[in-house]
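Q: Structure of the sequence below:
(one chain, ligands or ions: 1)
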Amino acid sequence: MHDDVLTGKKIILGVTGGIAAFKATYLVRELVKRGAEVKIVMTPSATEFITPLTLSSLSGNPVIVNVFPPDQRAGTSLSTWHIDYALWADLMIIAPATVNSIAKIAHGFADNALTTLVLALRCPLVIAPAADVDMYENKLTRENIQKLEQLGHYLVLPEEGDLASGLKGKGRLADNSKIVDAAEIVLSGITKDLTAKKFLVTAGPTYEDIDPVRYIGNRSSGKMGYEIAKAAFLRGAEVTLISGPSHEIAYQEINLIKIRSAADMKKAVDKEVKNNDVLIMSAAVADFTPASVAGKKIKKENKLSSIALKETDDILASLNIKGKIIVGFALETDNELENARKKMSNKNLDMIVLNSLQNKKSGFEVDTNEVTILHKAGALVNFPLLSKFQTANKILTEILKIEYK
Ligand code: CTP
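A: From the prediction side, this is the model:
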């Protein structure tokens, strides 16, 4: 098992009264599955959309709805339950947060159990707004959200899409996975330390076509690169992700460029790298590609016994750019450190991330990874088996140690 930041954490989930309140059920389940202890506070209007009994069953704890008197089963003293809760929590999440609750929190109201508790909090607060498009885009709402950000709260902004009203637009509660990612970032003590930086990340395999139906690929899922892109975005960076064929889904806010072959990837990297401060080449780029692509499907009767291959261009080695931080990956099976160092110097990298294949839970098609990071300046840092998201954050923190050229 690897360490999960959420395991053992005490989280209060605040649920306010919007149609997205039903999504809180899945959020509680995910937090509990990840090992967090969850206590829930609802506004009275939230109970119109979802019952306290449902959330209490899923969290395993009583749910608080009324300021006074609070639910007798809450196991806390009647008059000071909000203080007890505030002192207990490592984190509070409000999802969904209606524009009404956002306005109240932005102005210090304490007129229900949830807003009263928020005023007493000592822990960080993650807020995920949800509203219909016009209510969300309303100038007052925008100002209130800005105020919450200025106060240091962590906003997980809504997405564009179909809304319950039938309208389309911004306002749909962010996906639960995004809210959990935000919780993980905040609980890890990571701040928006990459604000104003531009990151270019590559991910996934490349597919080298043999004919119109067949290709040569590799086992990379793209997960590591997508997690790096996500972590960099969550830490405030502007992110472009160049991805080979992958089933991973990128945040809407990430500029995603989909490519297929090593040659496509080279073209995209060469074009984008000049607009960025950092390049992280985590893609598993093919080293060889068919010497020619058959225009028609190769039939069985052709009795094909071999495919002529040619070498692809090495994207990193052929980069002709100065003033950027360049990070590569190395996947080695033997003489790991020596080979990684050689790669770092041959490809003129500032840092290389060595993927260990010694551990079965590390590498391709798994959610965890165990890496060693080598800096050009000589430092070597070993990391234990971590989730790919945590590994991504370690990589970004190491990049911050490199001086901008
Ligand atoms: N890479 C690249 N262009 C290629 C192949 C690889 O830019 N045509 C990058 C990868 O994205 C990675 C680094 O180079 O960041 C090392 O890739 P890896 O496959 O480990 O090494 P190779 O240079 O391909 O060498 P070998 O296969 O011999 O280990």
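Q: got the residue ranges for the strands in the stretch 1-150 of the chain?
A: 10-15, 37-42, 63-64, 91-97, 125-129 (DSSP state E, counting those that start in this stretch).
Q: How about the contacts made by the residue in the stretch 51-200 of the chain positioned nearest to the ligand?
A: The ligand sits closest to L200 of the stretch 51-200 of the chain, with a gap of 12.2 Å, by Cβ to the nearest ligand atom. Where you see a C-beta, it was placed from the backbone N, CA and C, and this is true even at glycine. Contact partners of L200, counting by Cβ atoms under 8 Å, 6 or more residues apart in numbering, are 239-240, 242, 269, 272-273, 275-276, 278-280.
Q: Over to it: give its phi and psi.
A: phi -110, psi 120 (degrees, to the nearest 10).
Q: And for it, nearest residue in space, chain neighbours not counted?
A: N276 (4.0 Å; Cβ to Cβ, 6 or more residues apart in numbering).
Q: neighbours of that neighbour, just the number please.
A: 21 (other Cβ atoms under 10 Å).
Q: got it, and K198?
A: The number of residues near K198, taken as other Cβ under 10 Å, comes to 17.
Q: Who are the contact partners of the closest residue to it other than its chain neighbours?
A: Among residues not flanking K198 along the chain, N276 sits closest, at 4.3 Å (Cβ to Cβ, 6+ apart). By Cβ under 8 Å, 6+ apart, N276 lies in contact with 198-200, 240, 324.
Q: Quick check: the two most widely separated of those?
A: Using Cβ to Cβ, the contacts of N276 span at most 13.1 Å, a distance reached by T240 and K324.
Q: These two: which is more packed in?
A: Taking other Cβ under 10 Å, T240 and K324 do not tie; T240 has more neighbours (22 against 18).
Q: Show the subsequent helix or strand relative to whichever helix or strand that one is part of.
A: Using DSSP states H and E, T240 sits in strand 238-243. Next along the chain after strand 238-243, taking DSSP H and E as the criterion, comes strand 255-258.
Q: For that following strand, buried residues please.
A: 256-257 (16 or more other Cβ atoms under 10 Å).
Q: contact partners of it?
A: Contacts of strand 255-258 (Cβ under 8 Å, 6+ apart): 238-243, 245, 250, 268, 272.
Q: likewise stretch 54-71?
A: Residues contacting stretch 54-71 (Cβ under 8 Å, 6+ apart): 13, 15, 24-25, 28-29, 32, 37-44, 46-47, 52-53, 73-76, 78, 81-82, 85, 112-113, 116.
Q: Same check on stretch 398-405?
A: Contacts for stretch 398-405 (Cβ under 8 Å, 6+ apart): 193-194, 277-278, 280, 322-325, 327, 350-351, 373, 375, 377, 379, 381.
Q: hmm, try it at 6 Å
A: With contacts defined as Cβ atoms under 6 Å, 6 or more residues apart in numbering, stretch 398-405 is touched by 323, 325, 350, 373.
Q: which of these are buried?
A: 325, 350, 373.
Q: ok, back up a step: I'd like the list of the contacts of stretch 398-405 that fall within strands, please.
A: 325, 373 (DSSP state E).
Q: Any chance of JSON lines for the contacts of stretch 398-405, columns pLDDT?
A: Formatted as JSON lines, those follow (pLDDT from 0 to 100):
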{"residue": "G323", "pLDDT": "93"}
{"residue": "I325", "pLDDT": "97"}
{"residue": "D350", "pLDDT": "97"}
{"residue": "I373", "pLDDT": "98"}
